[in-house]
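> Output the structure for:
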Amino acid sequence: MKKRSNTHRNGLTRENPRAAVAAAARQLEKAISASDHSVSILLDPVVALGEHRLPHRIPVADHVRRVVSDPVVSVRAIGTRCSWADDFRSVLGAVYPPGGLTEDEDAVDSHVQALANAIESFIGAVRVAAQVDTRPESYYANKWTEIVLVSSTHIARLALTATD
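Just a heads-up that it's a prediction; the model follows:
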């Protein structure tokens, strides 16, 4: 009998999807950071919906309130089921280092896709994605943005911050 591998084709492990997301985020952080510019990417919190899956017609703002605690300034839907990762890629431009990228655009695209794959392996296919502008209290960063991701089984907040 053939033993089942614990690794997906994309290199992510089945046992700890949160660790796979963190590893993919670290690779992307390295690609868009510089010696005087640090980028942080964090998927937290992740809320499992369990038996109470979300109806399709809940407003995006209601999803946001479940995972964002800072005062919300604005919410803008980004992406569709199949394009949220592409739209996320454009959102990343806001946290690029002033001197430019340390890796080429193709490498960054590859890291973005790896992160998107890891996130969807963890929470399932993203049905709704929204960019959320907040007014963080008692938090320092030069630039920040948050993306709320909604699948049929989870709601998650993907936080992007940059400090110089």
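> And the strands in this protein, which stretches?
Using DSSP state E, the strands assigned to the chain run over residues 38-48, 72-78, 126-134, 143-151, 154-163.
> Where is the longest helix in this structure?
helix 105-123 (DSSP state H).
> Counting by contacts, list what that helix packs against.
helix 17-32, strand 38-48, helix 84-92, strand 143-151, strand 154-163 (3 or more C-beta pairs under 8 Å, 6 or more residues apart in numbering; DSSP states H and E). Glycine gets a C-beta too; all of them are placed from N, C-alpha and C.
> rewinding a little: between the strands of the chain, which gets the lowest average pLDDT?
Across the strands of the chain, strand 72-78 has the smallest mean pLDDT, namely a mean of 75.
> ok so, going back, same list (the helices and strands packed on helix 105-123) but as TSV, adding distance to residue 105 and mean neighbour count.
Formatted as TSV, these follow (distance: least, C-beta to C-beta, whole Å; neighbours: other C-beta atoms under 10 Å):
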stretch	distance to residue 105	mean neighbour count
helix 17-32	10	19
strand 38-48	16	17
helix 84-92	10	18
strand 143-151	19	22
strand 154-163	18	21
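> Which of these sits closest to residue 101?
Closest to residue 101 of the helices and strands packed on helix 105-123 is helix 17-32 (C-beta to C-beta; 6.2 Å).
> Could you measure from residue 87 over to residue 48?
From residue 87 across to residue 48, the span is 24 Å (C-beta to C-beta, to the nearest Å).
> Please name the residues that touch the nearest residue to residue 49 once chain neighbours are set aside.
Excluding its sequence neighbours, the residue lying closest to residue 49 (C-beta to C-beta, 6 or more residues apart in numbering) is residue 153, at 5.5 Å. When contacts are counted by C-beta atoms under 8 Å, 6 or more residues apart in numbering, residue 153 touches 48, 49, 53, 123, 124.
> before we move on, back to that, please convert the strands of the chain to TSV, extending it with distance to residue 106.
Formatted as TSV, the strands of the chain follow (distance: least, C-beta to C-beta, whole Å):
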stretch	distance to residue 106
strand 38-48	18
strand 72-78	22
strand 126-134	23
strand 143-151	22
strand 154-163	20
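> Figure out which of those is closest to residue 115.
Closest to residue 115 of these is strand 38-48 (C-beta to C-beta; 7.3 Å).
> Surely residue 150 is in contact with residue 62?
No: applying C-beta atoms under 8 Å as the test, residue 150 and residue 62 come out as separate, 10.1 Å apart.
> Before I go, just wanted to say thanks for your time.
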